[in-house]
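**Student:** with the input below, show me the fold.
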Amino acid sequence: MSSIRKLKKEINCLVDEIIGNCFLHYYFVEKNKQKKIDKLIEDIVAFRNDIINKINNPSENLKSKSKRSYYRDIHNELIEKANKTFEKIDQLKEAD
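**Tutor:** A predicted model of the protein is given here:
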């Protein structure tokens, strides 16, 4: 990532995409699966808040190279969580 600002924008964009995808599926699944989608939305919002908090409050003893790897790890964590969430959404869709 080239800057913290761009990382935060990417986080918000990706989380918005996931939530939009959840709402799209929300109206096409059965009532009992809507609660699972609600849970996915709650989880991804909580994850977003947690990851933004990590970005805003890094430990003070990070050196420049470790800062770069710290933010790279956060970015990788974001991508991994997004992929898992999209897989869960697809599993709900396939179970119909």
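**Student:** just how off-centre is the longest helix seen in the chain within its chain?
**Tutor:** When the chain is parsed with DSSP state H, its longest helix is helix 64-94. Put simply, helix 64-94 sits 7 Å off its chain's centre (CA atoms, centre = their mean, to the nearest Å).
**Student:** check which residues of it are buried.
**Tutor:** For helix 64-94, a neighbour-count test (16 or more other CB atoms under 10 Å) marks 70-71, 74-75, 78, 81-82, 85, 88-89, 92 as buried. Heads up, the C-betas are built off the backbone N, CA and C, glycines and all.
**Student:** would you list the residues you listed in JSON lines and tack on distance to residue 49 and pLDDT?
**Tutor:** Output for those, formatted as JSON lines (distance: CB to CB, whole Å; pLDDT from 0 to 100):
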{"residue": "70", "distance to residue 49": "18", "pLDDT": "89"}
{"residue": "71", "distance to residue 49": "17", "pLDDT": "89"}
{"residue": "74", "distance to residue 49": "13", "pLDDT": "92"}
{"residue": "75", "distance to residue 49": "17", "pLDDT": "92"}
{"residue": "78", "distance to residue 49": "13", "pLDDT": "94"}
{"residue": "81", "distance to residue 49": "13", "pLDDT": "95"}
{"residue": "82", "distance to residue 49": "15", "pLDDT": "94"}
{"residue": "85", "distance to residue 49": "15", "pLDDT": "94"}
{"residue": "88", "distance to residue 49": "19", "pLDDT": "91"}
{"residue": "89", "distance to residue 49": "20", "pLDDT": "89"}
{"residue": "92", "distance to residue 49": "23", "pLDDT": "81"}
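**Student:** list just the nearest of the residues you listed to residue 32.
**Tutor:** Closest approach to residue 32 among the buried residues of helix 64-94 (CB to CB): residue 92, at 10.4 Å.
**Student:** quick one, what contacts that closest one?
**Tutor:** By CB atoms under 8 Å, 6 or more residues apart in numbering, residue 92 lies in contact with 25, 29, 33, 36-37.
**Student:** over to residue 4?
**Tutor:** By CB under 8 Å, 6+ apart, the neighbours of residue 4 are 55, 71.
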